[in-house]
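>>> A structural model of the following input is requested.
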Amino acid sequence: MDFKKYLTDDILSFWLKNAFDDEFGGIFTQIDREGKVYGTEKSGWFQGRALWTFSKAYNCVEKREEYLKAAEKLYNFLPKVEDTDGRMFFTVTREGNPIQKRRYYFSETFACIGCAEYYKATKDPKVWANAEKYFDMAWKCYNHPELNPPKFYTSSISHSPIMIMMSVARTMASCGQNSEKYSEIARELAHKLVTCGLLCEDVHALLENVSADGKFMDTPSGRLVNPGHGLETAWFLIGEGLMDKNDEALNAAKKIIDWTMPLGIDKKHGGIISFTDVLGNPPTALEWDMKLWWPQNEAIIANRMAYEVFGDKKYLESYEQLLDYAFSNFADKEYGEWYGYLHYDNTPANYLKGNIFKGPFHLPRMLIILHLIEDKKDICGFWK
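Residues are numbered from 1 along each chain as shown. Okay, here's the model as predicted:
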């Protein structure tokens with residue numbers, strides 16, 4: 001498959017044609033099947049995520065002026081997503097007025113990687129200063145959880161903050177500014193991720209939550225496995241292993257993939273499910289057996305990278321099966337882009353192409369990585 005052509009002609013073109021707000025700036029993500037905007041509230045996450053996507057496409061795929069102009073529109077909208085305390089809103093109005101602010105600091109992390117990649121394209125020191133500003137805010141929130149209202153009032157270690165900050169630090173390290181500082185942060189977080197108890201030998205799973213002392217919790221939240229999330233972490237760790245010459249990270253990545261694929265794959269209907277309980281209890285999430293677009297993307301990346309690094313053909317077979325499944329069930333051959341949500345039997349739950357959570361990020365990221373591996377023969381190209 002020509003991943004570059006599909007990325008440029010079916011995915012990025014869909015968003016360029018339909019989603020950018022030429023009046024107020026930024027990007028809409030509430031987009032229906034045909035590309036029509038059905039809601040003008042803007043996702044704080046996706047201003048940074050889309051900035052990263054179009055900057056990355058410009059830097060790694062093709063230096064199209066339209067990608068750089070799209071990135072500029074997104075970058076210029078970011079200040080409207082900021083609150084006076086330096087934190088970012090989760091959703092804003094079309095004009096950029098606040099609607100919702102959440103405890104999570106993921107909007108800051110995505111603004112950070114967006115600015116970092118845009119800096120590579122522009123070499124503008126002001127852009128780099130903003131990348132550092134957003135990183136510093138996210139890093140402050142990570143190190144001082146007391147600054148955020150607690151999600152749970154019992155102490156635990158969660159998977160998401162560690163893996164996201166690790167990935168963000170590695171992106172910052174790739175910019176050539178203070179690289180050792182950010183590499184060291186990524187290195188420390190990779191070690192924590194592997195050793196803090198989330199990678200649990202007792203149940204052979206990468207868990208979403210463990211107790212504060214790193215122990216397995218026999219509760220619904222303690223037994224929770226998010227297969228797409230685990231496989232995303234696996235390929236992040238492959239990146240750490242390759243860029244940092246870190247065997248601990250590589251070995252952990254292989255283990256995560258080997259443990260997660262049997263938990264996540266739907267053997268009857270194909271694809272990766274959303275959630276599972278590692279001990280086989282009923283998952284509490286009602287959408288547990290739905291197929292979402294992004295876990296398929298992460299599973300495809302993880303298995304393809306695993307094949308390139310470890311050479312075991314089982315990963316190539318999984319990659320090819322997942323790729324065929326995803327393009328057969330999610331890709332919209334008539335209007336472009338992918339559906340986001342399928343029922344367990346692969347019938348579409350709806351035909352939207354975007355919402356507050358779905359936009360141009362996971363899918364184009366997958367296509368960029370596959371293009372770099374297949375066309376440019378560069379397994380490390382994503383982290384450069």
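>>> How are the helices of the stretch 101-250 of the chain distributed by residue range?
Taking DSSP state H, counting those that start in this stretch to define them, one finds helices in the stretch 101-250 of the chain at 106-122, 125-143, 159-173, 179-195, 227-244, 247-264.
>>> Give me the residues contacting the fourth one.
Right, the one you point to is helix 179-195. Applying Cβ atoms under 8 Å, 6 or more residues apart in numbering, the contact partners of helix 179-195 are 135, 139, 159, 162-163, 165-167, 169-170, 172-173, 199, 233, 237, 240, 243-244, 246, 248-249, 252. For glycine as for every other residue, the C-beta is placed from the backbone atoms N, C-alpha and C.
>>> residues of that helix that come out buried?
Counting neighbours by 16 or more other Cβ atoms under 10 Å, one finds that the buried residues in helix 179-195 are 182-183, 185-187, 189-191, 193-194.
>>> ditto for the second one
Taking 16+ other Cβ under 10 Å as the neighbour-count basis, helix 125-143 is seen to contain the buried residues 127-128, 130-135, 137-139, 141-142.
>>> can I get these in a markdown table with pLDDT and distance to Glu208?
Below are the buried residues of helix 125-143 laid out as a markdown table (pLDDT from 0 to 100; distance: Cβ to Cβ, whole Å):
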| residue | pLDDT | distance to Glu208 |
| --- | --- | --- |
| Val127 | 98 | 34 |
| Trp128 | 98 | 33 |
| Asn130 | 98 | 31 |
| Ala131 | 98 | 28 |
| Glu132 | 98 | 30 |
| Lys133 | 98 | 29 |
| Tyr134 | 98 | 25 |
| Phe135 | 98 | 24 |
| Met137 | 97 | 24 |
| Ala138 | 97 | 20 |
| Trp139 | 97 | 22 |
| Cys141 | 94 | 19 |
| Tyr142 | 95 | 17 |
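>>> Of those residues, which is the nearest to Pro262?
Pro262 lies nearest to Tyr142 out of the buried residues of helix 125-143, by Cβ to Cβ, at 31.4 Å.
>>> That closest one: what's it in contact with?
105, 161, 165.
>>> what about 10 Å?
105, 108-109, 148, 161-162, 164-165, 168, 185, 189 (Cβ atoms under 10 Å, 6 or more residues apart in numbering).
>>> Name only those of those residues that count as buried.
Looks like the contacts of Tyr142 have 105, 108-109, 161-162, 164-165, 168, 185, 189 buried, using 16+ other Cβ under 10 Å.
>>> Low-confidence ranges, this protein, go.
Counting by pLDDT under 70, the chain shows low-confidence ranges at 149-154.
>>> Could you chop it up by domain?
As given by automatic domain parsing, the domain ranges for the chain are 1-151, 159-353.
>>> Leu367: which of these is closest?
domain 1-151 (4.0 Å).
>>> hang on, the earlier thing: would you list the buried residues of helix 179-195 in a markdown table and tack on distance to Tyr58?
Listed next are the buried residues of helix 179-195 as a markdown table, based on distance: Cβ to Cβ, whole Å:
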| residue | distance to Tyr58 |
| --- | --- |
| Tyr182 | 22 |
| Ser183 | 24 |
| Ile185 | 26 |
| Ala186 | 24 |
| Arg187 | 29 |
| Leu189 | 28 |
| Ala190 | 28 |
| His191 | 33 |
| Leu193 | 30 |
| Val194 | 34 |
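>>> Name the nearest of those relative to Ser328.
Nearest member of these to Ser328, counting by Cβ to Cβ, is Leu193, at 33.3 Å.
>>> picking up where we left off before, tell me which two in the buried residues of helix 179-195 are the farthest apart.
Tyr182 and Val194, at 18.9 Å, using Cβ to Cβ across the buried residues of helix 179-195.
>>> any chance you could map the strands in the protein?
Secondary structure of the chain (DSSP state E): strands at 30-31, 37-39, 42-43, 91-92, 98-100, 156-158, 199-200, 205-206, 209-211, 224-225, 276-277, 291-292, 341-342.
>>> can you put those strands in CSV and add mean neighbour count?
Formatted as CSV, these follow (neighbours: other Cβ atoms under 10 Å):
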stretch, mean neighbour count
strand 30-31, 22
strand 37-39, 13
strand 42-43, 28
strand 91-92, 20
strand 98-100, 13
strand 156-158, 18
strand 199-200, 20
strand 205-206, 26
strand 209-211, 19
strand 224-225, 23
strand 276-277, 20
strand 291-292, 26
strand 341-342, 19
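>>> Quickly note the distance from the nearest residue to Asp218 once chain neighbours are set aside to His204.
Nearest residue to Asp218, sequence neighbours excluded (Cβ to Cβ, 6 or more residues apart in numbering): Leu279, at 7.5 Å. Distance from Leu279 to His204, counting by Cβ to Cβ, to the nearest Å: 11 Å.
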